[in-house]
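>>> got a sequence here, can you build the structure:
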Amino acid sequence: MNTKFTISVNWRKRLSSLLMFITLPFPNFGRGLNFRGWLYSKVILNCGKRFKIAPLVNIYNPSKVNIGNDVYIGYSTYIGDGDIVL
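Modelled structure (predicted):
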């Protein structure tokens, strides 16, 4: 396995877990959802426009997640490992 890819995947997994806890104090509506979506879009492989994400969402492997336009991920959702397209 390519070492560079492994390091990148581990970095994204750790940052995704950290974001889950850092964004807890943000509101669960309006700009809080938009800000969370913007932060997670920097970690996710591909992300469309108007992505919103609720608190306590656990994305196990963000390097394999593709998200389209107008997607909302609800409270306390777990998105596991594998190629995932939303």
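
>>> every contact and neighbour count from this point should use C-alpha atoms.
Noted.

>>> centre-most residue in this structure?
Tyr40 (4.1 Å; CA atoms, centre = their mean).

>>> list the residues that contact that residue.
By CA atoms under 8 Å, 6 or more residues apart in numbering, the contact set of Tyr40 is Ser16, Leu19.

>>> quick one, phi psi at it?
phi -70, psi -30 (degrees, to the nearest 10).

>>> next: Leu39.
Per-residue torsions, Leu39: phi -60, psi -50 (degrees, to the nearest 10).

>>> for Asn10, see how far away the closest residue to Gly74 other than its chain neighbours is.
Using CA to CA, 6 or more residues apart in numbering and skipping residues adjacent in sequence, the residue nearest Gly74 is Ala54, 5.2 Å away. To Asn10, Ala54 is 23 Å away according to CA to CA, to the nearest Å.

>>> those two - which one has more neighbours?
Ala54 (23 against 14; other CA atoms under 10 Å).

>>> what's that one in contact with, if anything?
For Ala54, the contact set (CA under 8 Å, 6+ apart) comprises Asn28, Leu33, Arg36, Tyr72, Ile73, Gly74, Tyr75, Ser76.

>>> how many neighbours does Ile44 have?
Using other CA under 10 Å as the criterion, the residues surrounding Ile44 number 19.

>>> backbone dihedrals for the spatially closest residue to Asp83 that is not a sequence neighbour, please?
Closest residue to Asp83 apart from its sequence neighbours, by CA to CA, 6+ apart: Lys64 at 5.0 Å. According to degrees, to the nearest 10, the main-chain angles of Lys64 amount to phi -120, psi 20.

>>> surely Lys64 and Val43 touch.
No: using CA atoms under 8 Å, Lys64 makes no contact with Val43, being 10.3 Å away.
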